[in-house]
Structure formats: structure tokens, C-alpha cells
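Colleague: Okay, predicted coordinates and the sequence, questions at the end:
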Amino acid sequence: MCGRFALAKFLEKLAEIFAASYAGKYEANFNIAPTNDILMVAIGKDGGRKIVNARWGLVPDWMDIDGNSVLYNARSETLLEKPSFKNAFLKRRCIIPADGFYEWAREGKNRIPYYIERNDEMPLAFAGLWEMKKLGDEILLSASIITTQASEKFSEIHHRFPVTLEQKDWNIWLDKDADVSQLQCLFKAPDDGILNVNKVSSEINKIKNNYAALKDPVL
């Protein structure tokens with residue numbers, strides 16, 4: 001699964017990396033939790049890539065917002081079976097950028113946090129789904145991160161991993177006319193060789209903590 005991540009890169013840098021336009025603003029967040037504000041890359045009405053703000057936790061138009069049931073992850077194996085995700089998978093796919101994400105491994109009775117990031121300073125590009133819901137006079141954009149089976153190495157920490165897209169696959173994922181079989185071929189964890197995995201401080205456990213040192217390795 002993916003229940004916490006970090007994004008501190010400037011919008012201008014993300015726009016360059018994803019060849020996307022952007023509007024609005026975004027403040028660095030080193031401890032993003034479900035229902036927080038995130039960024040997503042999606043195809044706009046003009047056919048170009050756009051970076052926009054969204055709520056982390058998918059809210060289909062027919063669903064009431066319920067803080068006790070936040071759809072922040074979507075299992076890749078059952079996207080076509082779940083009413084909450086099927087239409088978004090077929091029609092509204094996005095990329096959710098992250099500097100890295102946190103995961104907790106069980107060691108005895110303890111849960112030990114780790115931080116996972118690429119080793120080339122590029123952002124992780126999570127495969128995501130997005131929805132749009134009208135709330136009075138406002139429009140809520142929301143998104144969910146798709147997860148898949150973790151690699152053998154990473155499964156020592158957790159058995160699930162966010163689907164992470166390589167740059168060569170971004171166009172396929174965002175193409176509204178892509179075949180389902182093409183999309184499903186992308187449901188895999190990245191090669192372990194491009195990742196750094198480090199144990200971090202338990203300070204990440206507190207959602208109110210939000211500073212760069214949360215990502216720093218500890219012994």
C-alpha cells in the first residue's frame with residue numbers, strides 16, 4: 001500500500017519533467033497523508049498535460065465524502081471489478097508525482113518506518129485515478145494511487161507497492177484511448193535497482209510533523 005509520501009519539488013521543476021502546464025500553487029509537504037492536498041498530472045481539454053491540485057482519496061460523483069472511508073489506494077488486480085474505481089480506470093487516469101514514500105515493516109511488536117525514493121533524483125510517478133465531484137459552487141478533484149504486488153526484495157517491508165511508471169510509459173497511461181491490456185501491462189513495481197530504501201525516524205508516525213529531516217536515514 002502507500003499511505004504516506006513526500007513532495008517538495010518546485011512546480012516549475014515538475015512542469016519541466018512532465019512536460020506539463022500548471023496553475024495554482026503547492027507547498028512542500030514531507031508527510032502527506034490521505035485527504036491532504038496533492039498534485040496530479042492529467043490530460044486537459046486541449047489535449048496537453050496539466051498539473052493540478054487534488055485531494056488524496058478518490059471521491060466518485062455518486063459517493064458521499066466520508067472521512068472514515070478514504071479511497072487513497074486502489075488494488076490493480078480488481079480495478080475493473082470495483083464500482084469505485086472502474087470508470088476512473090477506463091476514463092480518468094493520472095500520474096501522481098512524489099519525491100518518495102514511507103512504508104512500515106513489522107519487527108516483532110514494532111512497526112519500523114522506511115523511506116523509498118529513486119536513486120537518480122527523479123520523482124516517482126505513481127499511476128493514479130482521478131474523479132471530479134461538484135460540491136455546491138465548487139468542484140472537488142480527487143485521486144487515488146494504484147498498488148500492486150511488491151517485488152521479492154521489497155516484500156520484506158510490505159507486500160504491496162505503488163504502481164510506478166517509467167517515463168517511456170507516461171503517454172500510454174495518460175492516453176484515453178489506450179487498450180486495457182496495454183494498461184494492465186504497466187501494473188508492476190519498479191526495478192529494485194533504481195530505488196533507495198532507508199530506515200527513518202519514528203517521528204514520521206505523527207501526521208503533524210512536516211519537515212525535510214523526516215526523510216533522513218537513521219541507524
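Modeller: Yep, it's here.
Colleague: pretty sure I145 is in a strand, no?
Modeller: Yes: checked against DSSP: H, G, I helix; E, B strand; the rest coil, I145 lies within a strand.
Colleague: Touching, it and G128? I think so.
Modeller: Yes: in this structure I145 lies within contact range of G128 using Cβ atoms under 8 Å: 5.5 Å. Heads up, the C-betas are built off the backbone N, CA and C, glycines and all.
Colleague: in the protein, which segments are predicted with low confidence?
Modeller: By pLDDT under 70, the weakly predicted segments of the chain are 66-69.
Colleague: who's in contact with I145?
Modeller: With contacts defined as Cβ atoms under 8 Å, 6 or more residues apart in numbering, I145 is in contact with C2, W56, Y72, N73, A74, I96, F126, A127, G128, P162, V163.
Colleague: what separates it from F161, distance-wise?
Modeller: Here the distance between I145 and F161 works out to 10 Å (Cβ to Cβ, to the nearest Å).
Colleague: joint contacts of these two?
Modeller: Between them, I145 and F161 have C2 as joint contacts when contacts are counted by Cβ under 8 Å, 6+ apart.
Colleague: All the helices of this protein, residue numbers only.
Modeller: Under the criterion DSSP state H, the chain carries helices at the ranges 11-18, 86-91, 170-174, 180-184.
Colleague: Tabulate the ones you listed in a markdown table, adding columns for mean neighbour count.
Modeller: Conversion of the helices of the chain to a markdown table gives the following (neighbours: other Cβ atoms under 10 Å):
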| stretch | mean neighbour count |
| --- | --- |
| helix 11-18 | 14 |
| helix 86-91 | 16 |
| helix 170-174 | 16 |
| helix 180-184 | 13 |
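Colleague: Give me the nearest residue to P97, chain neighbours excluded.
Modeller: P123 (4.4 Å; Cβ to Cβ, 6 or more residues apart in numbering).
Colleague: Kindly tell me how buried that neighbour is, as a neighbour count.
Modeller: Using other Cβ atoms under 10 Å, P123 has 20 other residues around it.
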